[in-house]
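Trainee: just need the structure, nothing else, for what follows:
(one chain, ligands or ions: 1)
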Amino acid sequence: MVKICGIGAGYVGGPTMAVIALKCPSIEVAVVDISESRISAWNSNKLPIYEPGLEEVVNQCRGKNLLFSTDVEKHVHEADIIFVSVNTPTKVKGLGAGKAADLTYWESAARMIAHVSNSDKIVIEKSTVPVRTAEAIGKILTHNTKTKGINYQILSNPEFLSEGTAIQDLLNPDRVLIGGNQDPQGLDAIQKLKAIYTHWVPQDRIITTNLWSAELSKLADNAFLAQRISSINAMSALCEATGAEVSQVSLALSKNTKIGPKFLNASVGFGGSCFQKDILNLVYICESNGLTEVANYWREVIKVNEYQKSRFVHRVVTSMFNTVSGKKIAILGFAFKKDTSDTRKTPAIDVCKGLLGDDACLSIYDPRVTQNQIEKDLSISCSGVKHVNVVGDAYEAIRDAHGVCILTEWDEFKTIDYERVYENMVKPAFVFDGRNMLDVDKLRKIGFIVYSIGKPLDQ
Ligand code: NAD
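Mentor: From the prediction side, this is the model:
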């Protein structure tokens, strides 16, 4: 029986390994992590992350061919194939700080693999890593192969799931990318990994490349997606200045088959743990290769995103007569997108901090993000600060507020009874739709002053 070990039980490692276990009942899958709290949550009824459908998949496999453990060394030692999905955040100190990927977690995982292994292993890069990381990992893994006689094959198999649709994306991926050495041993390792995916992924969706193409493709993928968001957000600013409507521009663009309809929704900005860090990483790699102009090109994608968030705050403050000091503002949504509890790099953090900077009183509601998480992200203790209140439902957040900011596109915000909430708000009552999800005309008929990104302003 093939044994798989997944190192890192986070947003990628947990769901990815669970789906492999579901689709390959003949394979034993152990997911390991150094975080005891994460592993005990994976072993409980309250999983550490929220993803639609995840609980069902875990419940079907846990205790059969899927287990979660902190005994990292034991499961790595026993495994034939090791998927490494540890975090690769942006470096905060030293060379490349603020741009380069911090590979500390990867390095320590690789050292541990080298230390405990005494049989051949296929080591798979699931994490997003800089191009040519496999070369560095190879040095760590093989430094004592002579004494141990072990063959390591490193493959790049980047993950393309999106949070909020992770299970759907894993069950029905548009592609699986496998990069490996093009020598006989490398090709054999590629075939072994391909054999796993073939349990449920059609052959023509499995792409094989050399290692560097696979590593770079993941960075390129995130950079292209983020660039699309920044492009439409840049257009939204121009729409507001000219009287065009960004949703109409998006519709026109979407019908161009060369462009297509996805990622054309103007918003308060992109968030999540990946886009910014991966573009910064790309910028760093370009700079390291002397490609300053190319680095500058990608850096603009992040700059537009920062501008979009500050533009939103500016709009809220100027609309509310140039000050929000002492005014209650309801913040609806804190996660970086709907259907996830993840708040990493969520635009809500910058927007809330911007409004707090002008002394607003925030009443925050998100259906999936805990009070603790929001407090941590805003670096405050809500009990001690009267300016922030995290509440349990949208109506409570909005009661007696001067304005409402929609910062995450949760479906439930569409079905709020806006006529009812209008009655209980301070007048004039404002809605700032940072996700372009509400019916502006309907809200204006009720009496709200409405700002929706990229749309003409209320007269
Ligand atoms: P995460 O922080 O949720 O999970 C990483 C886990 O690795 C943590 O639980 C951490 O405790 C564990 N870990 C770190 N070092 C370890 C070690 N030496 N041994 C065992 N466990 C260790 O991160 P994530 O969001 O799952 O992302 C992981 C990687 O996947 C990153 O490189 C990211 O860029 C990439 N990625 C993320 C997404 C996404 O949507 N989150 C999508 C595609 C790719």
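Trainee: who in the stretch 151-300 of the chain is up against the ligand?
Mentor: Within the stretch 151-300 of the chain, the positions adjacent to the ligand are 159, 161, 163, 273, 274 by Cβ under 6 Å from any ligand atom. For every residue, glycine as well, the C-beta is placed using N, CA and C.
Trainee: quick one: contacts for the last one?
Mentor: What it means is residue 274. 128, 222 (Cβ atoms under 8 Å, 6 or more residues apart in numbering).
Trainee: closest to residue 197 among the residues of the stretch 151-300 of the chain next to the ligand?
Mentor: Checking these against residue 197 by Cβ to Cβ gives residue 159 as the nearest, at 12.2 Å.
Trainee: return the residues in contact with the residue most central in space within the chain.
Mentor: The residue lying closest to the centre of the chain (Cα atoms, centre = their mean) is residue 272, at 3.6 Å. Counting by Cβ under 8 Å, 6+ apart, residue 272 makes contact with 163, 336, 337, 342, 344, 345, 346.
Trainee: can you name the residue of the stretch 351-459 of the chain nearest to the ligand?
Mentor: residue 373 (13.4 Å; Cβ to the nearest ligand atom).
Trainee: excluding covalently adjacent residues, which one is nearest to that residue?
Mentor: Of all residues not flanking residue 373 in the chain, residue 343 sits nearest, at 5.7 Å (Cβ to Cβ, 6 or more residues apart in numbering).
Trainee: count the neighbours of that neighbour for me.
Mentor: The tally of other residues near residue 343 (other Cβ atoms under 10 Å) stands at 24.
Trainee: surely it touches residue 372?
Mentor: No - using Cβ atoms under 8 Å, residue 343 is not in contact with residue 372, being 10.9 Å away.
Trainee: before we move on, back to that, show the buried residues in the residues of the stretch 151-300 of the chain next to the ligand.
Mentor: 159, 161, 163, 273, 274 (16 or more other Cβ atoms under 10 Å).
Trainee: which residues touch the closest residue to the ligand within the stretch 151-300 of the chain?
Mentor: At 4.1 Å from the ligand, residue 159 is the closest residue in the stretch 151-300 of the chain, using Cβ to the nearest ligand atom. Contact analysis of residue 159 by Cβ under 8 Å, 6+ apart lists 12, 16, 85, 126, 128, 218.
Trainee: if I pick the residue nearest to residue 373, what's in contact with it?
Mentor: Contacts of residue 343 (Cβ under 8 Å, 6+ apart): 334, 335, 336, 349, 369, 373, 374, 377.
Trainee: do that again at 10 Å, thanks
Mentor: For residue 343, the contacting residues are 271-273, 334-336, 349, 366, 368-370, 373-374, 376-378, 408, by Cβ atoms under 10 Å, 6 or more residues apart in numbering.
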